[in-house]
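Here's a sequence, model it:
(one chain, ligands or ions: 1)
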Amino acid sequence: ALPVAKADPEIAAAIEHETLRQHEGLEMIASENFVSEAVLEAAGSVFTNKYAEGYPGKRYYGGCEFTDIVENLARDRAKQLFNAEYANVQPHSGSQANASAYMAVLQPGDTILGLDLAHGGHLTHGHKLSFSGKLYRPTFYGVRKDTETIDYDELEAIAEREKPKAIIGGASAYSRLWDFARMRQIADKVGAKLIIDMAHIAGLVAGGAHPSPVPHAHVTTTTTHKTLRGPRSGLVIAGKDYQAGAKPEQTIGKAIDQAVFPGQQGGPLVHIIAAKAVAFREALQPEFAVYAKQVVANAQVLAEALANAGWRIISGGTDNHVMLVDVFRGGAPGGMLGSEAEAALGKAGITVNKNAIPYDTNPPLKPSGIRIGTPALTTRGMKEPEMRLIASWIAKALDHRTDEATLSRIRAEVTELANQFPLYSWRREHATV
Ligand code: PLP
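Numbering: from 1, shown residues only. From the prediction side, this is the model:
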């Protein structure tokens, strides 16, 4: 058994059950993935013991010689991976990466313009309950009702009217390509900084399966644990604009460094920075580009198969790793709430999350849609044939959502498929549950 089994049986059992859950089910939450065993090992390493406030070569603590190696490698690899000129690998999460980016280029009370949460945006893009909506004056753009895609002309009109100091691009539930060049034009026209939060698509950008925001944005932020397949964490990078600023000591790059530490955080999580460095190295390998393209191919096949089974995909399909499915059907027969769909699929061993669809008439906790993503299953090695099979199970589970016998039959088939694509090898060596 693992050491924790002796020290703390309750937590050990929870870890083992979670490992089994991850093995036996189909993980289709669009923001999740499976890290490699190497990333897992680095994340669980002795660097968790280390304090390292400051930056490489300029620490407030002794004993940072190996920490500096780790952070320098992580920064260099992040820059190489995204063709960036600046990187800060210390943010603990995507939200803290965003908080740091805003702090670097905005003053409290400044106007920000982000994608509406109800149209796929993230809480940290100006929601009233988030620091971003409390510290800054939030305004929003959205998607068109007819195409369900971002209307850049409308975005431009709102920017001219609201005069934001920052325009924020990026989303948690948007399945189409972004026009970063157009967003930069709009930002320049109104004198705003362009911040792109590429959290969901970072792995696709790294693998060349989505255009990069880095040449266009003043600042690019991301999580590292979604399509990028690293540990749960954050990252801030920038292209040539990192040098913009009134004086050499007041550049965007310097402002981000100060905003991360001491602006938003204390000591960095050095073990997680080590895990990020390992993940970036993995993402630099040619296999990762193959992975990124397969994530998109899988999503497109899945979306098409679900559409053929009669389920409406928001915006008519996907260009990336995620799709929103309208399960409510506007209240028509056969429709259900996203929460009901999530529960039924859960019983069938397929994990997704309920999600609002644009112009949703239902409330956020009982919305009209579900969000489905392919990054995690693609990591397990699943390809187009598995996606067609899974689409048929999803359609069947939705059609028979109150029929427990059908749902448990699907679950048995799901487990059988999952077992053909094993995850962590040590799981079998150490398992006691
Ligand atoms: N930005 C986007 C677009 C996201 O989807 C998310 C997470 O869902 C975040 C930021 C926040 O990341 P974290 O949960 O690490 O704070």
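
Around the ligand, pick out the residues from the stretch 201-350 of the chain.
Contact residues, the stretch 201-350 of the chain versus the ligand (Cβ under 6 Å from any ligand atom): T223, G234. Bear in mind the C-beta positions are built from the backbone N, C-alpha and C, glycine included.

for this structure, what's the longest helix?
Using DSSP state H, we find that the single longest helix of the chain is helix 286-308.

Quick check: the residue of the stretch 201-350 of the chain nearest the ligand.
Relative to the ligand, the nearest point of the stretch 201-350 of the chain is T223 (4.5 Å; Cβ to the nearest ligand atom).

I'd guessed that residue sits against R229; true?
No. Judged on Cβ atoms under 8 Å, T223 makes no contact with R229 at a distance of 11.0 Å.

which intervals of the stretch 301-433 of the chain have sub-threshold pLDDT?
Where the stretch 301-433 of the chain drops to pLDDT under 70, the residues are 426-433.

Helices along that one, start to end?
338-347, 375-379, 384-399, 404-419, 426-430 (DSSP state H, counting those that start in this stretch).

got the contact list for L73?
Residues near L73 by Cβ atoms under 8 Å, 6 or more residues apart in numbering: A277.

Contacts only, for the residue nearest to the residue of the stretch 201-350 of the chain closest to the ligand when sequence neighbours are not counted.
Nearest residue to T223, sequence neighbours excluded (Cβ to Cβ, 6 or more residues apart in numbering): G94, at 3.5 Å. Residues near G94 by Cβ under 8 Å, 6+ apart: H122, T124, D197, A199, T221, T222, T223, G234.

quick one: what helix or strand has the residue nearest the centre of the chain in it?
By Cα atoms, centre = their mean, the chain has its centre lying nearest to H200, at 3.3 Å. H200 is part of no helix or strand, with elements assigned from DSSP states H and E.

If we ignore the residues flanking it in sequence, what's nearest it?
In this structure, H200 finds its nearest non-sequential neighbour in K226, 5.5 Å apart by Cβ to Cβ, 6+ apart.

what about that neighbour, distance to V35?
K226 sits at a distance of 11 Å from V35 (criterion: Cβ to Cβ, to the nearest Å).

quick one, phi/psi of the residue in the chain positioned nearest to the ligand?
Closest contact between the chain and the ligand, by Cβ to the nearest ligand atom, is at G94 (2.4 Å). When read as degrees, to the nearest 10, the backbone of G94 gives phi -60, psi -40.

Would you check how far apart it and T378 are?
G94 is 21 Å from T378, by Cβ to Cβ.

what's the answer for V301, then?
The value you get for V301 to T378, if Cβ to Cβ is used, is 11 Å.

for A246, same thing?
For A246, the distance to T378 equals 45 Å [Cβ to Cβ].

same question, D257
Distance of D257 to T378, given as Cβ to Cβ: 35 Å.

So between these two, which is more surrounded?
Set D257 next to T378 and count neighbours by other Cβ atoms under 10 Å: T378 wins out with 28 against 21.

Now that one: closest residue in space that isn't a chain neighbour?
V295 (4.6 Å).

Over to R411?
Here the residue nearest R411, using Cβ to Cβ, 6+ apart, is G349, at 4.2 Å.

show me what contacts that neighbour?
By Cβ under 8 Å, 6+ apart, the contact set of G349 is E24, G25, L26, I410, R411, V414, T415, A418.
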